[in-house]
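Asks: Fold the following and give me the result.
(chains A and B)
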Amino acid sequence: MGVKKFIQSVLESLHMESFELQSKKKSLKTLLAKLKKRRVKILSELEFETNQEKRKPIKEELELITFHIEKGKKKLNKLKHT
Amino acid sequence: MPKNIFLPIVLIALAYGFWYSPNFKEIAAGIAIFLFGMLSLEQGFKSFSGGLLERILKNSTDRLYKSIGFGIISTSIMQSSSLVSVLTISFLGAGLIGLSQGIGIVFGANLGTTTGAWLVAGYGLKVNIASYAMPMLVFGIIFIFQKSTSLKGIGYILTGLGFLFLGIHYMKDGFEAFKATIDLSAYSIDGFKGLFVFALIGVSATVVMQSSHATLVLIITALAAGQISYENALALAIGANVGTTITAIIGAMSSNIDGKRLAAAHLIFNIVTALIAIAFIYQIIYLVDESARWLDIANDDYTLKLAIFHTIFNSIGVVVMIPFINRLVTFLESSIKATKPKDGIDFDGVRYLNDSVLEFPDSAMAAIIRETKHLYDNTFEIVSHGLNLKRSKIVSSMELDEVIKEKYSKKHINIEDFYQHKIKDIYGEIIDFSAKAQADMDPKLIEELYRLKLANRDMVEAIKNTKHLQKNIINYSAHPNKFIKEEYASIKKSLAGLLRNINIIATTDEEDVIVLLLSKIRLNTQKNDIISNGKLDNLIRNRLITNQMATSLMNDSVYAYNIRNKLSNMAEILFVDKSSDLKKLQEDMQITQGEIEEILEKKD
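Replies: Numbering: from 1, shown residues only, chains lettered A, B, ... in the order given. Have a look, this model is predicted:
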């Protein structure tokens, strides 16, 4: 049995998650936090912008960031259940 | 011609020597086995260099004292200053360290190499090391036959050490037997003349053997057998120190400009150290005697005293040269320069690729990434100038409507010339280098390399599309028909926006910004495609533009779409740092074509 396989089987028998999965979850959580923070920033930018032309790209950014937050949340849920 | 006859002459001379003197044969065999051991040892360390060694090097050379420390430790462990120098040149070539850090490592390597003299003088001659060599060789060979790369590496290191010990043993025996027949000490020369003559012999011997260690072992064994005088042995050691720079010089030949500068720094350092050692030889000998007394070393133990001398004169060299490192860097940068441009457009060649990194997969990959980023810089320049935009304005915070009004030039720039001067060679070298580097890479790295090659191709395609787009974008920007003028201004604006966003992605560390902008440029690529968004149909149906204009616009919108598409593909590959969290999530967080269409549909 190779070293990697051995470690994997020990982790499985101890019901421990793989390091890869754990680090992916951690990275995703960090990214989600950053995206949420950015969303708040964009929202406040939108609030203070009165020029309709300039509001358009900000709104677009808001839509995109909301989309990514939703996507990230779904992925995180999926990872939690694997 | 001289090259062709050199080898046969050497072989004939050796054959005659073997026939004439069995002792000479034994010494020569000892040197050959020793050098073979060095090769094996290098091979062993290279097995571990696919990551660990590179990581250590990257983290331990950010300060001068660390660089020197790294040089000392790595050379002491590997017992080869040449290997450390060549590795340093490869890292410098890959742009992972700077020239002054490289010089620090080389200084340290010169100190680290003195441990070899201590090992041989203090241990190799007093103990029957051949008895250790045999088990090392047996265990080493068993490990070499194993599948695991690490075990193989250990195997090469063990056999390397085994052969080193065996080589020393043969040299020692050869000189002992030589003593009875010929007395080389009769040829010793006194005074400064002797110092220079033997220093030159030391240089030549090391250049031939390409290992100062081998020369040093030869000197110590000859000294132990009483075949050379102590003073002449010191001069030989000084010469060996200068001769060892030949390996770095050979390594730097295929390296970039900084590699060549480092090899020159190595040569300057060793020559200065040698001159100091020769000029103050009697003072240094006095210092050696005092140190020997302090260390409880017998007055007639010349082999250990030679090791002390080696350490002292190299330390003096480092201490003397440290204050001048910055001046040395300035001097090297001004005296060794890159090739001058031959015509109006500067010729730009590769900066980070050099063959000495090929054996180290992680370094080779780092070099390719850096070179691809270099290619991106040139692509950015060509695309923006091709669209008649100023780079400084694109990367500024100026409104895009204003950016497109500022013209780079009144004339069309010749994109083909720019391509020939700034892209073609670099692109070709990257592809060639990648093909060679791939041989030593694991499947994961090969996959990454494949993606990088795609990024390179995307940039070249983007430039070709810019070339097609260039003529009309400039002509129609000043056309009396306001509708066609607006359309081309819009294409120009969207491409300027794309270049700006990619520049932000390339320069930021904020992962959320990268995610957002990558999606934004993908969305804009789709949104600005006037064929799919129905804008073109509208212009034709309402007869706002002529048929000829419509054809041009249709073709050019495809070129613009291609530029956007190719550059966004490239950005996704090139600017998501492989060590960052984002890399792990890239596939999960990347916006798909379906999702883009969904977002656009919602808007409609």
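Asks: What is the neighbour count of residue B:370?
Replies: For residue B:370, the count of nearby residues is 18 (other C-beta atoms under 10 Å in any protein chain shown). The way it works is simple: take the backbone N, C-alpha and C, and place the C-beta from them, glycine included.
Asks: Kindly apply the preceding question to residue B:518 instead.
Replies: 25.
Asks: That one and chain A: what is the separation?
Replies: 10 Å (C-beta to the nearest C-beta, to the nearest Å).
Asks: Where does the prediction get shaky in chain A?
Replies: A:1-20, A:82 (pLDDT under 70).
Asks: What residue in it comes nearest to chain B?
Replies: residue A:27 (3.5 Å; C-beta to the nearest C-beta).
Asks: What strand or helix carries that residue?
Replies: According to DSSP states H and E, residue A:27 maps onto helix A:19-48.
Asks: starting at the chain centroid, how far to that helix?
Replies: Put simply, helix A:19-48 sits 6 Å off its chain's centre (C-alpha atoms, centre = their mean, to the nearest Å).
Asks: residues in contact with residue B:214?
Replies: B:31, B:34, B:35, B:38, B:167, B:206 (C-beta atoms under 8 Å, 6 or more residues apart in numbering or on different chains).
Asks: count of neighbours near residue 71?
Replies: By default, I'm working from chain A. When neighbours are counted by other C-beta under 10 Å, residue A:71 registers 20.
Asks: my bad, chain B
Replies: 29.
Asks: which element is residue B:297 on?
Replies: Using DSSP H and E, no helix or strand contains residue B:297.
Asks: what do you get for residue B:377?
Replies: Short version, using DSSP H and E: residue B:377 is in helix B:361-386.
Asks: packing partners for that helix?
Replies: Under the contact criterion of 3 or more C-beta pairs under 8 Å, 6 or more residues apart in numbering or on different chains; DSSP states H and E, helix B:361-386 touches helix B:54-59, helix B:81-93, helix B:391-394, helix B:415-422, helix B:424-437, helix B:443-476, helix B:482-507, helix B:547-574.
Asks: who wins for proximity to chain A among these?
Replies: helix B:482-507 (9.4 Å).
Asks: Put the alpha carbons of the helix or strand just after that closest one into CSV.
Replies: Scanning forward in sequence from helix B:482-507 by DSSP H and E, the next helix or strand is helix B:511-527. C-alpha atoms of helix B:511-527 as CSV (Å, rounded to 0.1, in the frame of the first residue of the first chain):
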residue,chain,number,x,y,z
GLU,B,511,-9.5,37.6,-5.0
ASP,B,512,-13.1,39.0,-5.0
VAL,B,513,-12.0,41.7,-7.5
ILE,B,514,-10.5,39.0,-9.8
VAL,B,515,-13.7,36.9,-9.7
LEU,B,516,-15.9,39.9,-10.4
LEU,B,517,-13.8,41.3,-13.2
LEU,B,518,-13.3,37.9,-14.9
SER,B,519,-17.1,37.5,-15.0
LYS,B,520,-17.5,41.1,-16.1
ILE,B,521,-15.2,40.7,-19.1
ARG,B,522,-17.0,37.4,-20.0
LEU,B,523,-20.4,39.1,-19.8
ASN,B,524,-19.2,42.1,-21.8
THR,B,525,-17.8,39.9,-24.6
GLN,B,526,-21.2,38.5,-25.1
LYS,B,527,-23.1,41.7,-24.6
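Asks: and the helix holding residue A:27 with helix B:511-527, angle?
Replies: Put simply, helix A:19-48 runs at 70 degrees to helix B:511-527, going by axes from the mean of the first three to the mean of the last three C-alpha atoms, to 10 degrees.
Asks: Moving C-terminal from helix A:19-48, which element do we reach first?
Replies: By DSSP H and E, the next helix or strand past helix A:19-48 is helix A:52-80.
Asks: Excluding chain neighbours, what is closest to residue B:562?
Replies: Once flanking residues are discounted, residue B:562 sits nearest to residue B:465: 4.4 Å by C-beta to C-beta, 6 or more residues apart in numbering or on different chains.
Asks: typo on my end, residue B:137
Replies: Using C-beta to C-beta, 6+ apart, the nearest residue to residue B:137 is residue B:162, at 3.8 Å.
Asks: Check residue B:144 too.
Replies: residue B:155 (3.6 Å).
Asks: thought that neighbour was touching residue B:146?
Replies: Yes: with contact defined as C-beta atoms under 8 Å, residue B:155 reaches residue B:146; the gap is 7.0 Å.
Asks: More neighbours: those two, which one.
Replies: A count of neighbours by other C-beta under 10 Å puts residue B:155 above the other of residue B:155 and residue B:146, at 23 against 12.
Asks: Mind checking the pLDDT average for the helix or strand containing residue B:39?
Replies: Element membership of residue B:39, judged by DSSP H and E, is helix B:22-47. The average pLDDT within helix B:22-47 is 79.
Asks: Please give the centre-to-centre distance between it and its chain.
Replies: Per C-alpha atoms, centre = their mean, the centroid offset for helix B:22-47 relative to its chain is 27 Å.
Asks: Stretch B:440-454 now?
Replies: 19 Å.
Asks: Restricting to C-alpha, output it in PDB.
Replies: Coordinates of each C-alpha in stretch B:440-454 appear next as PDB, following Å, rounded to 0.1, in the frame of the first residue of the first chain:
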ATOM      1  CA  ASP B 440      10.500  16.000 -16.400                       C
ATOM      2  CA  MET B 441       7.000  17.100 -15.300                       C
ATOM      3  CA  ASP B 442       4.300  15.200 -13.600                       C
ATOM      4  CA  PRO B 443       0.800  15.000 -15.200                       C
ATOM      5  CA  LYS B 444      -0.600  17.800 -13.000                       C
ATOM      6  CA  LEU B 445       2.100  20.200 -14.200                       C
ATOM      7  CA  ILE B 446       1.800  19.000 -17.800                       C
ATOM      8  CA  GLU B 447      -1.900  19.900 -17.600                       C
ATOM      9  CA  GLU B 448      -1.000  23.400 -16.300                       C
ATOM     10  CA  LEU B 449       1.600  23.800 -18.900                       C
ATOM     11  CA  TYR B 450      -1.000  22.900 -21.600                       C
ATOM     12  CA  ARG B 451      -3.200  25.700 -20.300                       C
ATOM     13  CA  LEU B 452      -0.300  28.100 -20.400                       C
ATOM     14  CA  LYS B 453       0.400  27.200 -24.000                       C
ATOM     15  CA  LEU B 454      -3.200  27.900 -24.800                       C
END
